[in-house]
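Sequence plus the predicted model coming up.
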Amino acid sequence: MRTNRRTFLVKSAGLAGAGLVVPNLLTLPLWAQNAPSSPNNRPGIGAIGMRYQGTVITEKARTHGDVVAIADVDRHVREQARAGFGSTPKIYEDYRGLLDNKSVDVVMIGAPDHWHVKMAIDACRAGKDVYVEKPVSLTVDEGKILRRVAKETGRVIQVGSWQRSDARFRLAVEMVRAGRIGKLKKVICATGPNPSGGPFPERPVPGHLNWDLWLGQAPNVPYVEQRCHYTFRWWYEYAGGKVTDWGAHDIDIAQWAINEYPIEVEAKGALPNIPNGYNVSTDFHAVVRYPSGVELEVGEVGRSGVLLEGEKGRIFVNRGTLDGVPVDHLKDDPLPRETFQLYDFDNLDRPERVGKLDAIVNHMGNFFDCIQTGKMPISDYESQHRSATTCHLINLAIRIGRPLKWDAVKEEFVGDADANTWLGREQRKGFEVA
């Protein structure tokens with residue numbers, strides 16, 4: 001049965017006290033008003049951050065539009081990217097110039113994690129729709145700001161948690177929601193360990209790199225080659241290691257299946273203390289608890305992927321596999337069609353905006369479809385903020401060094417003023433996220 005907005009508001013009022021839903025309901029979008037005047041109009045694509053993943057997502061986006069602008073703080077990277085996209089896009093060192101370009105309708109953000117929210121909100125305020133890589137935020141507070149700006153501007157935001165558009169992961173979640181493994185008891189996400197390394201030497205800043213602009217909100221430190229490009233992931237100043245790298249994918253799927261927000265997190269990990277060395281935790285292990293009693297275990301805990309354990313069976317899923325006895329039974333007992341109307345409880349005020357999930361087979365295509373139709377993207381800002389929050393809670397529990405209780409409605413730690421100071425970070429002047 002389709003839940004209308006009035007019914008959802010009544011139900012939400014009852015559930016909020018239990019910490020199962022949030023009061024920040026999604027409002028009617030401006031998206032339909034912002035759609036191109038004709039489906040034949042190809043939107044102009046602006047791409048920011050072109051070192052590998054930015055190029056990957058831009059290549060996927062060019063099926064749906066024309067790449068007209070490229071921004072990267074590394075001259076070598078942006079020039080190579082322009083050559084790869086036909087030598088016609090205008091190139092920028094500073095992404096803000098790209099946002100001022102009136103031919104840019106849609107922005108791809110493949111920059112490092114500590115830039116995701118800043119670039120996304122600047123793009124939204126510039127009237128652009130946004131595809132931003134995961135994790136959507138560097139901190140919990142950043143994610144809350146993105147939510148506010150997304151509602152204020154009405155722009156479409158799709159996060160690159162593309163496993164939601166993969167039939168294996170979605171079917172696994174649908175089976176859990178349909179009760180095929182009974183009551184869900186435990187979910188295991190094996191992310192693997194973070195690498196260790198350092199100390200690394202300080203070097204002169206290369207002439208082709210704007211180091212100050214690369215650092216952005218992060219502290220102003222001397223140039224160390226290993227701090228940027230791919231290995232930025234292993235520095236807490238810019239990312240969160242495997243927890244927010246792989247975890248942003250697999251924890252998102254786990255939480256989609258659990259269909260609740262955390263109430264407690266307990267985590268341990270070794271924190272390296274190497275000058276000019278990688279400083280995210282190594283050998284970490286975390287247990288996240290949810291209101292229904294489900295436990296999510298994260299760390300070096302087995303085969304890479306997501307293991308869903310229930311009272312009546314278990315399902316394992318990763319990017320190449322979907323298996324388990326309940327999966328085998330699908331041949332003789334397929335899921336009914338209505339199970340494909342699977343929504344996040346965040347978005348039940350407008351469920352028709354999601355559409356039939358079994359029709360979503362292309363993550364980038366879903367983004368461009370939503371620009372045209374006003375439907376909710378499969379990896380919308382609210383669900384991805386909540387998934388990223390769970391990742392951040394794990395990292396914070398490791399750094400703070402004690403179990404933490406979480407209020408998902410207020411989005412703060414319970415009775416722990418010190419822990420709440422960790423929900424945001426000090427930001428360099430001129431690069432604040434607000």
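Received it, and whenever you're ready, just let me know what you need. Note that the coordinates shown come from a computational prediction; the quantities given were computed from them, not determined experimentally.

residues contacting V104?
For V104, the contact set (CB atoms under 8 Å, 6 or more residues apart in numbering) comprises G44, I45, G46, V68, A69, L98, K128. Every residue, glycine included, has its C-beta placed from N, CA and C.

For the second one, grab phi and psi.
The reference is to I45. phi -110, psi 130 (degrees, to the nearest 10).

Quick check: bridge partners of it?
On the basis of DSSP bridges, I45 is bridged to V67, V106.

What is the burial count for it?
Using other CB atoms under 10 Å, I45 has 27 other residues around it.

was I right about it contacting V106?
Yes - if you go by CB atoms under 8 Å, I45 and V106 touch, sitting 5.2 Å apart.

residues shared between the contacts of the two?
Common neighbours of I45 and V106 are listed as A61, G65 (criterion: CB under 8 Å, 6+ apart).

Can you add distance to S161 and give the contacts of V104 back as JSON lines?
What follows is the contacts of V104, written out as JSON lines (distance: CB to CB, whole Å):
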{"residue": "G44", "distance to S161": "25"}
{"residue": "I45", "distance to S161": "20"}
{"residue": "G46", "distance to S161": "21"}
{"residue": "V68", "distance to S161": "26"}
{"residue": "A69", "distance to S161": "25"}
{"residue": "L98", "distance to S161": "24"}
{"residue": "K128", "distance to S161": "20"}
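
Which one of the residues you listed sits in the busiest neighbourhood?
Counting neighbours by other CB under 10 Å, G46 comes out on top of the contacts of V104 with 31 neighbours.

can you tell me which residues contact it?
G46 touches V68, A69, I70, A71, L98, L99, N101, V104, V106, V107, M108, K128, counting by CB under 8 Å, 6+ apart.

what about the strands in the stretch 251-400 of the chain?
Applying DSSP state E, counting those that start in this stretch to the stretch 251-400 of the chain gives strands spanning 264-270, 282-289, 295-299, 305-310, 313-317, 322-323.

for the stretch 1-150 of the chain, same thing?
Under DSSP E, counting those that start in this stretch, the stretch 1-150 of the chain gives strands at 44-48, 66-71, 90-92, 106-109, 129-132.

still on that earlier bit, will you turn the contacts of G46 into CSV that also has pLDDT and distance to P201?
Converted to CSV, the contacts of G46 look like this (pLDDT from 0 to 100; distance: CB to CB, whole Å):
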residue, pLDDT, distance to P201
V68, 98, 39
A69, 98, 35
I70, 98, 31
A71, 98, 29
L98, 98, 33
L99, 98, 35
N101, 98, 38
V104, 98, 39
V106, 98, 40
V107, 98, 35
M108, 98, 33
K128, 98, 39
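
what's the closest of the strands of the stretch 251-400 of the chain to H76?
strand 282-289 (31.5 Å; CB to CB).

Looks like N210 contacts V73 (just checking).
Yes - using CB under 8 Å, N210 is in contact with V73, at 4.3 Å.

Please enumerate the shared neighbours of those two.
Shared contacts of N210 and V73, defined by CB under 8 Å, 6+ apart, comprise E93, D94.

Which one's more surrounded, these two?
Between N210 and V73, V73 has the larger neighbour count (other CB under 10 Å), namely 25 against 15.

Enumerate every residue touching that one.
Residues near V73 by CB under 8 Å, 6+ apart: E93, D94, L209, N210, W211, L213, W214.

Could I get the phi/psi values of it?
According to degrees, to the nearest 10, the main-chain angles of V73 amount to phi -80, psi -10.

All the helices of the stretch 301-434 of the chain, in order from the start?
325-328, 363-373, 381-400, 417-420 (DSSP state H, counting those that start in this stretch).

Out of the ones you listed, the one nearest V301 is which?
Smallest distance to V301 across the helices of the stretch 301-434 of the chain (CB to CB): 12.9 Å, for helix 381-400.

Figure out how far the closest one is from the centre of its chain.
Centre-to-centre, helix 381-400 and its host chain are 10 Å apart (CA atoms, centre = their mean, to the nearest Å).

among the helices of the stretch 301-434 of the chain, which is nearest I157?
Short answer: helix 381-400, nearest of the helices of the stretch 301-434 of the chain by CB to CB, at 4.5 Å.
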